[in-house]
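Trainee: Any chance you could fold what I've pasted below:
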Amino acid sequence: MNPALAYVVVYVKDVAKSVAFYSKAFGYTVRRIDEAHRWGELESGQTTIAFTPLHQRETDDLTGVVHTAKSGRDRPPVEVCFAYKDVDAAYKRAVENGAAPVSEPEEKEWGQKVGYVRDIDGNVIRMGSYVQAPKQD
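Mentor: Sure, this is the predicted structure:
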C-alpha cells in the first residue's frame, strides 16, 4: 500500500494572516490555528494544507533554514496546485482577495486549464482544472 500524502507545509511570515488569506482567496475552510499562531491548517480533502513560520528553533538547526525568493522571478522547486471545476472563477476570486496575478488561466496541451498567482508571501500557486485524459483516435 502506498503511503498517503498527509500534509503540504507552507512556510510563511505570518501564520494567522496566511491562513486567513488562503481561506478567502482560494476558498478553504480553516481547520485549526494554534493560540501561538505557529501552526495553522486548512480543510483540503485527503491532504492537509498547513502553515508554519519561516524560522523556528525546532527545525532550523535540524533540517536547515528556509530560503525565500529574492525576486519575483525566483520560486522554489515545489509547486502547490489547487484544482477547480471553474478555474476562471477561482482565479478571479483569488486576485480579488489579494493574490498577485502571474498568468491568467489558459488551456494547456496536456489537457488542463491553468493559471498562476502569488500568495501574500510570494509563493507561486497553480490554479488548474482536473487533467483530462487524452482523447483516443
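
Trainee: Can you point out the buried residues in the helix ranked longest in the chain?
Mentor: If you go by DSSP state H, the chain has its longest helix at helix 15-26. Residues of helix 15-26 classed as buried: Val15, Lys17, Ser18, Val19, Ala20, Phe21, Tyr22, Ser23, Ala25, Phe26 (neighbour count, 16 or more other Cβ atoms under 10 Å). Placement of C-beta: from N, CA and C, glycine included.

Trainee: for this structure, what spans make up the strands?
Mentor: In the chain, the strands defined using DSSP state E lie at 7-12, 29-33, 40-43, 48-53, 80-83, 100-107, 113-118, 124-128.

Trainee: I'd like to know which elements the longest helix of the chain is packed against.
Mentor: The contact analysis (3 or more Cβ pairs under 8 Å, 6 or more residues apart in numbering; DSSP states H and E) places helix 15-26 against strand 29-33, strand 40-43, strand 48-53, helix 87-96.
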